[in-house]
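> Here's a sequence, model it:
(one chain, ligands or ions: 1)
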Amino acid sequence: MAKITGVRCIRTRKNGTWTIVKVTTDQDGLYGIGSASDLYNPEAVVQVIEQLLAPRIVGRDAAHIEDLWQTMYTSGYWRNGALLQTAIGGIDMALWDIKGKEAGLPVYQLLGGACRSAVACYGHAGGSDIVQLKEEVHRYLEEGYTVVRAQLGGYGGGGFVPGDRAKLPDNAWRTDAVFDERAYLNAIPDMFEQLRVAFGGGIPFTHDVHEHLSPILAIQLARRLEPYGLFFLEDALPPEQIGWYRQLRQTSATPQAIGELFANPQEWTPLVAERLIDFIRVRVSKVGGISAARKIAALCEAFGVRTAWQEGGENDPVNQAAAVHLDMAVWNFGIQEINHFRPEEKAAFPGHIERRGGYLYTSERPGLGIDIDEALAASLLGEGWSRSIYHQPYTLDRKADGTLVRP
Ligand SMILES: [Mg+2]
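Predicted structure coming up:
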């Protein structure tokens, strides 16, 4: 029996935007790490972990993962918010890491063992114009990726109209570029038509709408993309409008993926149980860690929905490791989103997930197989460590009349 002796957070990466949880035990050298990163509210998550949850689990048996999860889940009475679930998720991963180290087995072995020899991932191809995008797609295909995401620049790309061409009011709040959802609705099918001409019809592409469309236009987009045989269309609708997936499903066979903003089971359960989506894309740390995600995967298996855990962007190597262990053991795995870390970031996380070609591989070490070199992690903070970046709003994209566009 390993008793939990401490729970603390390690901030790393420039601006301290990665939060790694370390759970220590009374067994010599036995500890676990987990991911509780939150780009926008790191201090709040740290406070939940160190002030609310740690006092409730220190002294407890680290082996009782499910019981500890349930204890933490109800510890503040109110639950299923993003900050609490992230805090639980970080500790939960660390407990699975400890259990794997105690057993001398990789975590995926504890989850039922391998269902596959490696984990297929998809790359993010993007270009400000179709020429750049084709070059990026070509590069990913050459590298060995089997699925590629295609975007015209940033989210909503293809829908931004330069200020000098937009019909702006004379008191416009933004004059550089404004988002026009009809321009976007026309640009994306045209983009896929050109990719089909360039690469043939056999490449499974994805595209991330990032909730930029009104619901009925999202349905029109899904219908117009049917001829291009997408692997999935991501976040066609925002979480506030998931009721529209019923109409979307009735009118289009384009596969649907959603979930990166979900933290509450009431968000994904109806979509899965009514077979309205094809891929669940929650971030493992944001739903409460491995314990929560493996239950989501089991729910999805019963309804023919596959997993596509969210990664990329600001995710850290520990969350990636947790996702890939689940990918290895979950039969209804679909695809894994890829991360790209800088060499010095990888060096701070020995045993990190390796990518070769279009596949990801675990280190095969016990537990999550990944560690944190705290000295190197501290050096990643850099001299410019400040609060400025993550205190910016996620987006200030606006329409011509000034209306904010949902991120
Ligand atoms: Mg996304």
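
> All the helices of this protein, residue numbers only.
Assigned by DSSP state H, the helices in the chain fall at 42-47, 54-57, 65-73, 82-103, 107-110, 130-143, 181-199, 215-224, 245-251, 265-273, 290-302, 317-329, 343-347, 374-381.

> For Ala120, which of these is the nearest?
Set against Ala120 and scored by Cβ to Cβ, these come closest in helix 317-329, at 8.6 Å. Heads up, the C-betas are built off the backbone N, CA and C, glycines and all.

> then that closest one to PDB, C-alphas only?
Extracted as PDB, the C-alpha positions of helix 317-329 are listed here (Å, rounded to 0.1, in the frame of the first residue of the first chain):
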ATOM      1  CA  PRO A 317       3.200  16.000 -23.200                       C
ATOM      2  CA  VAL A 318       1.600  14.300 -20.100                       C
ATOM      3  CA  ASN A 319      -1.900  14.800 -21.300                       C
ATOM      4  CA  GLN A 320      -0.700  13.400 -24.700                       C
ATOM      5  CA  ALA A 321       0.700  10.300 -22.900                       C
ATOM      6  CA  ALA A 322      -2.600   9.700 -21.100                       C
ATOM      7  CA  ALA A 323      -4.500  10.000 -24.300                       C
ATOM      8  CA  VAL A 324      -2.200   7.600 -26.200                       C
ATOM      9  CA  HIS A 325      -2.500   5.000 -23.400                       C
ATOM     10  CA  LEU A 326      -6.200   5.100 -23.800                       C
ATOM     11  CA  ASP A 327      -5.900   4.900 -27.600                       C
ATOM     12  CA  MET A 328      -3.900   1.800 -27.200                       C
ATOM     13  CA  ALA A 329      -6.400   0.000 -25.100                       C
END
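
> as a whole number, average confidence for that helix?
Throughout helix 317-329, pLDDT has a mean value of 98.

> angle of that helix against helix 290-302?
Angle between the axes of helix 317-329 and helix 290-302 is 40 degrees (criterion: axes from the mean of the first three to the mean of the last three Cα atoms, to 10 degrees).

> got the angle between helix 317-329 and helix 82-103?
Counting by the same axes, to 10 degrees, helix 317-329 points 70 degrees away from the direction of helix 82-103.

> Please name every helix or strand in contact with helix 317-329.
Here helix 317-329 touches strand 31-35, helix 82-103, helix 107-110, strand 119-126, helix 290-302, strand 336-337, going by 3 or more Cβ pairs under 8 Å, 6 or more residues apart in numbering; DSSP states H and E.

> picking up where we left off before, I'd like to know which of the helices of the chain is closest to His124.
For those, distance to His124 was read as Cβ to Cβ. The smallest value, 8.4 Å, belongs to helix 130-143.

> Can you work out which other helices and strands pack against that closest one?
Using 3+ Cβ pairs under 8 Å, 6+ apart as the contact criterion, the neighbours of helix 130-143 among helices and strands are strand 119-126, strand 147-151, helix 181-199.

> Let's see that with 6 Å instead.
In this structure, helix 130-143 packs against strand 119-126, with contacts taken as 3 or more Cβ pairs under 6 Å, 6 or more residues apart in numbering; DSSP states H and E.

> Need the contact partners of the strand it packs on.
136-137, 140, 145-151, 324, 327, 335-336, 338, 359-360 (Cβ atoms under 6 Å, 6 or more residues apart in numbering).

> Could you spell out the sheet neighbours of it, each with its direction?
Paired neighbours of strand 119-126 in the sheet (DSSP bridges): strand 147-151 (parallel), strand 336-337 (parallel), strand 359-361 (antiparallel).

> I'm done for today, thanks for sticking with me.
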